[in-house]
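Undergrad: model this:
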Amino acid sequence: MYLLGLASALALNRAPVVADAVAHERALTADTAGVRASNGISSSIAAYDKVLGIPKCISGGTSCDTGDLVSGRGNIHPEANYPNTLGTTCIDGTSGGPSDESVDRIIVSSESGDYLMEEGRARITATVNCWADGYTNDYVYFYHASIQATLITFDWNFIERIQCTGGGQQTLTTSYTLPKGSEQAVRVSIRHMENDIIELTSDDGSCGLGQFDDNDDVVFTVMTDASSTDTSNFSTSETLEPIASITKPPTASPTIKTTSNMISMTPSLQPTDESTPSPSMTREPTSSTSPSTRYKPSSSPSTKPTMSPTVTSKQSSKPSNSASPTSTPSYSPSIPKNLTQTPSMSPFVLFTYGESLYRDTSLGIQISVGLTARQIAQTGTKVSFANGGQSSISYHGMMDGAGIAPLPDGGYAYLSNSEKSSGRGGVYGLYFNKDGQITDYKALLTGTSRNCGGGMSPWNTWISCEEVGDGQCWQVEPDPNKPNHNSPKATLLGGPSGGAYETVAVDYTNTSKPVFFITEDKTYGELRRFEADGNGWDALHVGGRTTYLQFLSGNRFRWTTSLSAGKNSAASYYPNAEGIIHHNSTLYFVAKVTRTLFILDLNDMTYTSERTGSSWVGQGAFNSQPDQIIESDLDKRKFIYFTEDGGKAPGVHVRDRKGNYYTMARGVPGGRYSGDETVGIAFSPDRRKFYFGFQDAGVLMEVTRDDDQQFN
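TA: Next up, the predicted model:
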């Protein structure tokens, strides 16, 4: 997360600007006013909305244009009604002059030339002013949000970041798929970032807070399935029917409320988050319907979203006994959705994450429809066993990285770090039998500090790394029947001086000489590569050779013996590296400061990178810092799972083989986990159970698919 308090340390070296001497034309003509497309549909010009505090197009059409309503920035180059952001919580930078950065105009238009319609493609055209003397450090960020109810709660979803290619006024465009909802918003944010590393933003990343940053929003009306039957009366007065079964009665909300991501508009009867759930209900759906499907509120809601028996385009969240599979819309049309057969009859099918999220009130999370979570451990509380007993010690605090070790009896151990400092950290084991029931809990490593990440070795030991200045990576044997079970030992992975280490991955292509990769959470934290001289426990304690990752020009890299070259490369390209995995000659790792996923081809020694969460599908958002990552069966499906550090709704997110991102589960926005981080992601050996937790809250959860299938 980035703090406003850093601003004083990041003062930029710019000469004072006098407005008269740098006057330049910012003529913005309403060139779409009154224009009709060939199909007779009008475009729309925005007007300032005093309730929202931003420009708004009140009628539907082919496009929405702010005209000159957002031209300028704050009082630097006076912008009417600034800051022109929802809730007025995202303020403009106050440094510079008229020649410096600003967002001057936003046009949202349908790519098809027809109505702007939910699930249709839209183009954003932004006119921005880039600093002539430093435009290479100016970046324009695009976000979108869906706003549907009287009490507007919205999450900004990242679309794309584009670098300015020249000074002065520039026109930049990007495209995205409109989500569901009749009211939608777009944000354009221009930011100046020295060296593309330092970036002052809000917790969720959607608001640039730098001295020269400008953020502007526009709200517009989108055609929905409800309005498509009568386009002549298409307006924002229409409201969508409540979706799925709701967990509380509707309440009228005629008053105006404003928080950072919450605004109340005109009165209407809609369910709100302030209502008290019925005692018989624990979940609240937060999903949207597809255009051809509408859900009615049930008079006797169940604990899961329920659907009308006549609906065939949505799957049941529980498998049925029907032998006839029913297909559903999918983001990957070539892949069938879940079949409504009994688990024993069904072949494996991919699960579509984030298509719809529902709220589990008791757990304080939103989770993909078709998944169920339960809490299995709580910091400071003794663990309950399947036989009715309890652990002798309480569940550890500051849990962090985790792994799963299969055991000879068919059970497994969930191995969890404790990131407590001053020698109070360590590793703890939560033991399960072959039926997935908890049977034991105990400490496996104590006396260490800030055990953050780690990784499993090929021989099923857990490697736990300390994130302190002279930290080491320790090898822990979870199997009680192995000789080293009670003898954890520092490895050679961290070198003689140690470091603030994070996560470990291993290339086991050569089984006699595995290669380990270790990340370090520092600006100058080099990525280390350790080539072991053998296999098994002793391979991490004797011999070996260490080299360091160095990025080169042309998206190439090499492994160098120069520690300083590795540190400098980290500071320039991948500061504060965190999660890392290896699969099939490919290395994946994240740099949390720049929110970047790096993908290294270890055969041809080239790499690519992408902004985490940059290509988004479905509900939710991944706007805060990526942390731990794990993979699941990459040969067949290539899914990568991410934890998230910070923000108002930290979650577990998923990336598919095409680079699309989805939300699996997250904290309710602004709820009990706001500002927390998700940790401890791991799969049971059969991949039918998934584990994750919230570090500060000290909650560990177990997730299963409702159809009892394996996870992707």
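
Undergrad: ok, D521 to S615 distance?
TA: If you measure D521 against S615 using C-beta to C-beta, to the nearest Å, the figure is 26 Å. Heads up, the C-betas are built off the backbone N, CA and C, glycines and all.

Undergrad: swap in G388?
TA: Distance from G388 to S615, by C-beta to C-beta: 48 Å.

Undergrad: Compare these two (neighbour count), which wins?
TA: Remark: of G388 and S615, S615 carries more neighbours, 16 against 6, as counted by other C-beta atoms under 10 Å.

Undergrad: for the nearest residue to G53 once chain neighbours are set aside, phi and psi?
TA: When the adjacent residues along the chain are set aside, G53 lies closest to T88, with 4.9 Å between them (C-beta to C-beta, 6 or more residues apart in numbering). Main-chain torsions, T88, degrees, to the nearest 10: phi 50, psi 30.

Undergrad: Ok, E183 next?
TA: The phi and psi values for E183, taken as degrees, to the nearest 10, are phi -110, psi 130.

Undergrad: and it, what are its bridge partners?
TA: Using DSSP bridges, the beta-bridge partners of E183 come out as I147, T221.

Undergrad: Could you number the chain from 301 rather than 1 from now on?
TA: Happy to do that; since the first residue is 301 now, the last one works out to E483.

Undergrad: For N429, which non-adjacent residue is spatially closest?
TA: S402 (4.6 Å).

Undergrad: Return the per-residue confidence for S560.
TA: S560 carries a pLDDT score of 38 in this model.

Undergrad: Same check on G866?
TA: G866 is assigned a predicted lDDT (pLDDT) of 97.

Undergrad: now do G387
TA: Looking at G387, its pLDDT reads 78.

Undergrad: One more: D433?
TA: D433 is assigned a pLDDT of 85 by the prediction.

Undergrad: Same question for G959.
TA: Note on G959: pLDDT of 92.

Undergrad: residue contacts, it?
TA: For G959, the set of contacting residues under the criterion of C-beta atoms under 8 Å, 6 or more residues apart in numbering consists of 910, 914-915.

Undergrad: Could you do L472 as well?
TA: Contacts of L472 were listed using C-beta under 8 Å, 6+ apart, and they are 425-426, 428, 440, 462, 464.

Undergrad: What's the separation between it and G834?
TA: With the distance defined as C-beta to C-beta, L472 ends up 55 Å from G834.

Undergrad: what's the answer for A877, then?
TA: Taken as C-beta to C-beta, the spacing of A877 relative to G834 amounts to 27 Å.

Undergrad: returning to that earlier point: give me the subset of the contacts of G959 lying in strands.
TA: E910 (DSSP state E).

Undergrad: Could you single out the nearest of the contacts of G959 to N381?
TA: Nearest to N381 out of these is S914 (C-beta to C-beta; 30.7 Å).

Undergrad: Need the nearest residue in space to the closest one, chain neighbours excluded.
TA: If the residues on either side of it in the chain are set aside, S914 comes closest to F458, at 6.3 Å by C-beta to C-beta, 6+ apart.

Undergrad: Which is the succeeding secondary structure element to the helix or strand encompassing that neighbour?
TA: Counting by DSSP states H and E, the element that carries F458 is strand 457-463. Next helix or strand after strand 457-463 toward the C-terminus (DSSP H and E): strand 468-477.

Undergrad: who does that next one pair up with?
TA: Strand 468-477 has these strand partners (DSSP bridges): strand 421-430 (antiparallel).

Undergrad: And for N375, the neighbour number?
TA: N375 has 10 neighbouring residues, counting by other C-beta under 10 Å.

Undergrad: Would you confirm that it contacts P383?
TA: No: N375 sits out of contact with P383 when judged by C-beta atoms under 8 Å, with a separation of 10.4 Å.

Undergrad: tell me which residues in the stretch of helix or strand L897 belongs to are buried?
TA: Using DSSP H and E, L897 sits within strand 896-901. Of all the residues in strand 896-901, those buried under the rule 16 or more other C-beta atoms under 10 Å are 896-898, 900.

Undergrad: How about stretch 470-490?
TA: Applying a neighbour-count criterion of 16+ other C-beta under 10 Å, the buried positions in stretch 470-490 are 470, 472, 474, 476, 478-490.

Undergrad: Using PDB, write down the CA coordinates of that stretch.
TA: Written as PDB, here are the backbone C-alpha positions of stretch 470-490 (Å, rounded to 0.1, in the frame of the first residue of the first chain):
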ATOM      1  CA  GLN A 470      -2.800  13.200 -26.300                       C
ATOM      2  CA  THR A 471      -5.700  11.000 -27.200                       C
ATOM      3  CA  LEU A 472      -5.600   7.500 -25.800                       C
ATOM      4  CA  THR A 473      -8.000   4.700 -26.200                       C
ATOM      5  CA  THR A 474      -8.700   1.400 -24.600                       C
ATOM      6  CA  SER A 475     -11.600  -1.200 -24.700                       C
ATOM      7  CA  TYR A 476     -13.300  -3.400 -22.200                       C
ATOM      8  CA  THR A 477     -16.500  -5.500 -21.800                       C
ATOM      9  CA  LEU A 478     -19.300  -3.700 -20.000                       C
ATOM     10  CA  PRO A 479     -20.400  -5.600 -16.900                       C
ATOM     11  CA  LYS A 480     -24.000  -6.100 -15.800                       C
ATOM     12  CA  GLY A 481     -25.900  -3.100 -14.400                       C
ATOM     13  CA  SER A 482     -27.900  -0.200 -15.800                       C
ATOM     14  CA  GLU A 483     -25.600   2.400 -14.200                       C
ATOM     15  CA  GLN A 484     -21.900   2.200 -15.000                       C
ATOM     16  CA  ALA A 485     -18.900   4.400 -14.400                       C
ATOM     17  CA  VAL A 486     -15.500   5.000 -15.900                       C
ATOM     18  CA  ARG A 487     -12.400   6.500 -14.300                       C
ATOM     19  CA  VAL A 488      -9.400   7.900 -16.100                       C
ATOM     20  CA  SER A 489      -6.400   8.700 -14.000                       C
ATOM     21  CA  ILE A 490      -3.100  10.300 -15.200                       C
END
